[in-house]
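J.: Fold the following.
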Amino acid sequence: MHNIRPRHPSAPQTESDVAPAPTRRGADPGGASRRRVPARDRPVLAIVCAWYVVTLLVSGALNVIQQFAGIDPDLIQIVQFAPTIGLLLLFALPRVRRSVFLPPRVSHRRAWGRLGIALLAIAGYAAMLLATAALTQDLRSDQPFHSGWLVALFVALQIVGAIGEEIGWHGFLQPLLATRMNWLASCIVTGVLWSFWHVQIFASVLSTIMFTLSCVGLSIVYGKIAVGNPLQRGIIAGVMHGIVNITLFLGLDQEAATRGAIPLPILYLLPFGLAVLAAQRFRARQAARGSVQGSLRAAARAATSPAPRGKLAAVPSVTEYAPSGKMDA
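T.: Numbering: from 1, shown residues only. Got it, this is the predicted structure:
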């Protein structure tokens, strides 16, 4: 029905995304089909539910395959690829347009920069995780692997598996939810759905609460740092996720989640996260104030500049220079 495929809400508009101006009153030669489809008109909820159900079904199938194939779950759990497989199956349907529901790509420079930030952030989290586990006596006493090449293989497989998982969760789901709700709410909803996907957490009420808090906290971190299309976001969030999994498996006792060793470092990092958000808002406010002041100076220069002979100088209004026709008080 649509002649132009609409882009993700965060993608910059191009000339092809905007309907041409009517040639006369009441006339629209391009028709409504050329207008960009707003996020509220997209079946986001249906897409999210369909993807989640498909992911659950694929997860069950992958668990059965792993059991019968004899794949060592300590090295990798192939169920981690279920979110990405579910996404591929969903967008294989001819009526589902990827350009509508997927976030846009960013430059390699920006993606590499965010990956560097991700490594710094998750290294601090892993250090706090181990320190908290040491205080609560949750450090692992035995070593699951007795050779260096097995450890290297484990690390590589954990990173790859985490990327396969995060392409779905924070590469697709979280940015899609962000088109219908604010950023923080989208991260929280993603974290809750992500935690419920791990059915093993329902062994006890305490483990369920602790694991859900961990997933929500990490989801906020992943959602804040990851940028780009699903693959770029999946790599950035997947590297962080993989490092967390490696730290948990090699460094912590497997029952640590029920005693609170996992959520506590997130609480420790909360003040730093609030400081980052406050700094970003301060910079945005300063930039807006500088823009308005520049508009005022430009208006003053235009008003005092000499007019051409025989013509009066037009005095532009401030709203012609201020962004969106508004000024901060």
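
J.: where's the residue most central in space within the chain relative to Ala185, distance?
T.: With distances taken as Cα atoms, centre = their mean, Gly223 lies nearest the centre of the chain, 3.4 Å away. As judged by Cβ to Cβ, to the nearest Å, Gly223 and Ala185 stand 11 Å apart. Where C-beta positions appear, they are placed from N, C-alpha and C, glycine not excepted.

J.: Which elements pack onto the helix or strand hosting the residue nearest to the centre of the chain?
T.: Using DSSP states H and E, Gly223 sits in helix 205-225. Using 3 or more Cβ pairs under 8 Å, 6 or more residues apart in numbering; DSSP states H and E, the elements in contact with helix 205-225 are helix 108-135, helix 174-177, helix 183-197, helix 230-251, helix 263-304.

J.: For Ile76, find the nearest of those.
T.: Of all these, it is helix 230-251 that lies closest to Ile76, at 10.1 Å by Cβ to Cβ.

J.: Can you list the buried residues in the closest one?
T.: Buried positions in helix 230-251, judged by neighbour count with 16 or more other Cβ atoms under 10 Å: 230-248, 250-251.

J.: re the thing from before, contacting residues around the residue nearest to the centre of the chain?
T.: His170, Gln174, Ala178, Trp183, Ser186, Cys187, Thr190 (Cβ atoms under 8 Å, 6 or more residues apart in numbering).

J.: With Leu153 instead?
T.: Each residue near Leu153 by Cβ under 8 Å, 6+ apart is listed here: Leu75.

J.: shift numbering so it begins at 536
T.: Yes, from this point I'll number from 536; that puts the last item at Leu688.

J.: re the thing from before, of the helices and strands packed on helix 740-760, which is nearest Val635?
T.: Among the helices and strands packed on helix 740-760, helix 709-712 sits nearest to Val635 (Cβ to Cβ), with 9.8 Å.

J.: what's next to the closest one, contact-wise?
T.: Contacts of helix 709-712 (Cβ under 8 Å, 6+ apart): 543, 545, 579, 582-583, 636-638, 720-722, 724-725, 754, 757-758, 768.

J.: ok, 6 Å please
T.: The contact list for helix 709-712, computed with Cβ atoms under 6 Å, 6 or more residues apart in numbering, reads Phe636, Pro638, Ser721, Val724, Thr725, Gly758.

J.: Most neighbours of all those, which one?
T.: Thr725 (26 neighbours; other Cβ atoms under 10 Å).

J.: if I read this right, Cys722 contacts Tyr757, doesn't it?
T.: No - the pair Cys722 / Tyr757 is not scored as a contact, 7.8 Å apart, by Cβ atoms under 6 Å.

J.: okay, those two: which has more neighbours?
T.: Between Cys722 and Tyr757, counted using other Cβ under 10 Å, Tyr757 has the larger neighbour count: 29 against 24.

J.: for that one, what are its contacts?
T.: Tyr757 is in contact with His705, Ala772, counting by Cβ under 6 Å, 6+ apart.

J.: repeat that for 8 Å
T.: Glu701, Trp704, His705, Gln709, Cys722, Ile771, Ala772, Met775, His776.

J.: Check these against Phe616 and report the nearest one.
T.: Closest to Phe616, out of all of the contacts of Tyr757 and judged by Cβ to Cβ, is Glu701, at 11.0 Å.

J.: where are the low-confidence patches of the stretch 586-735 of the chain?
T.: 634, 735 (pLDDT under 70).
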